[in-house]
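Novice: Everything below, folded, please.
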Amino acid sequence: MEYVSIMRADAARNLDAVLETGARLLAADSGTSITAIAAEAGVSRRLVHRRFASREALEECVFQTKLEAIDAVLADARLDSAPVAVALHRFVEGIIAVVRRYPIDPEQMRGSAESYARMNEQQVRIAAFIRRAMDEGFIRSDLPDGMAMALLHATIDLLALQFPDDEPACAADIAVDTLLKGLGRS
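Specialist: As a prediction, the model looks like this:
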């Protein structure tokens, strides 16, 4: 979040802990209370209520924080200009880190028109990159519509959530190799 940089260091750490904990607990149970999030984050309920008027406000902040992190990954990956394999690796490595930090399911954003619209804009950028990868011959262009995007998302989720001990860079190596070369032996 933009305003975190001007906060006191301890306040920024507390906010970060609340947002990360909130993302994790809300991903597991969208009805998780502020009290539970505060306790798990190691801060007082009062502190959380001072910053967020409601659980919904906290949830919206979690969504926006995750989306800001994704925007940063998209900018860093340079999906429209970097070589495809490089851009793909940067994107996957960055997104794995974001998904691990904020494991909130994108479908949970449906209830927030602003967050859902922003997420869809990001998906359009990723789809344009996949089209570029197909046009440049890195990804097969004869796949059913949406399959490459679905495989990319499924691979990221699998490596981010099922294999959390792998460093994001190593997980990205596996993802890119699998996506571009397949599962068969060369």
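
Novice: mind showing which ranges of the protein have poor pLDDT?
Specialist: 1-7, 184-186 (pLDDT under 70).

Novice: try 90
Specialist: Low-confidence segments of the chain (pLDDT under 90): 1-14, 30-31, 55, 105-107, 111, 161-166, 181-186.

Novice: Going along the chain, name the helices of it.
Specialist: 9-28, 34-41, 45-51, 55-77, 84-101, 113-135, 147-157, 168-181 (DSSP state H).

Novice: Highest mean neighbour count out of those?
Specialist: helix 84-101 (a mean of 21; mean count of other C-beta atoms under 10 Å). Quick note: C-beta positions are derived from backbone N, CA and C, even for glycine.

Novice: Just send the helices of the chain back as JSON lines, with distance to Glu107 too.
Specialist: Listed next are the helices of the chain as JSON lines, based on distance: least, C-beta to C-beta, whole Å:
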{"stretch": "helix 9-28", "distance to Glu107": "11"}
{"stretch": "helix 34-41", "distance to Glu107": "20"}
{"stretch": "helix 45-51", "distance to Glu107": "25"}
{"stretch": "helix 55-77", "distance to Glu107": "12"}
{"stretch": "helix 84-101", "distance to Glu107": "14"}
{"stretch": "helix 113-135", "distance to Glu107": "9"}
{"stretch": "helix 147-157", "distance to Glu107": "12"}
{"stretch": "helix 168-181", "distance to Glu107": "22"}
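
Novice: List the contacts of the nearest residue to Ala36 once chain neighbours are set aside.
Specialist: Leaving aside its chain neighbours, Ala36 sits nearest to Leu25 (6.3 Å; criterion: C-beta to C-beta, 6 or more residues apart in numbering). By C-beta atoms under 8 Å, 6 or more residues apart in numbering, the residues touching Leu25 are 32, 36-37, 40.

Novice: just to revisit the earlier point, to Ser141, which of the helices of the chain lies closest?
Specialist: Smallest distance to Ser141 across the helices of the chain (C-beta to C-beta): 4.2 Å, for helix 113-135.

Novice: Can you show me the CA trace of that closest one as PDB?
Specialist: Output of helix 113-135 as PDB, limited to C-alpha atoms (Å, rounded to 0.1, in the frame of the first residue of the first chain):
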ATOM      1  CA  ALA A 113     -17.000  -4.600  -7.700                       C
ATOM      2  CA  GLU A 114     -13.800  -2.500  -7.600                       C
ATOM      3  CA  SER A 115     -11.500  -5.300  -6.700                       C
ATOM      4  CA  TYR A 116     -13.100  -7.700  -9.200                       C
ATOM      5  CA  ALA A 117     -12.800  -5.200 -12.000                       C
ATOM      6  CA  ARG A 118      -9.200  -4.500 -11.200                       C
ATOM      7  CA  MET A 119      -8.500  -8.300 -11.100                       C
ATOM      8  CA  ASN A 120     -10.100  -8.700 -14.500                       C
ATOM      9  CA  GLU A 121      -8.000  -5.900 -15.900                       C
ATOM     10  CA  GLN A 122      -4.900  -7.800 -14.700                       C
ATOM     11  CA  GLN A 123      -6.200 -11.000 -16.300                       C
ATOM     12  CA  VAL A 124      -6.600  -9.100 -19.600                       C
ATOM     13  CA  ARG A 125      -2.900  -8.200 -19.500                       C
ATOM     14  CA  ILE A 126      -1.900 -11.800 -18.700                       C
ATOM     15  CA  ALA A 127      -4.100 -13.100 -21.500                       C
ATOM     16  CA  ALA A 128      -2.400 -10.600 -23.900                       C
ATOM     17  CA  PHE A 129       1.000 -12.000 -22.800                       C
ATOM     18  CA  ILE A 130      -0.200 -15.500 -23.400                       C
ATOM     19  CA  ARG A 131      -1.400 -14.500 -26.900                       C
ATOM     20  CA  ARG A 132       2.100 -13.000 -27.500                       C
ATOM     21  CA  ALA A 133       3.700 -16.200 -26.300                       C
ATOM     22  CA  MET A 134       1.500 -18.100 -28.800                       C
ATOM     23  CA  ASP A 135       2.300 -15.700 -31.600                       C
END
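
Novice: Noted, bye for now.
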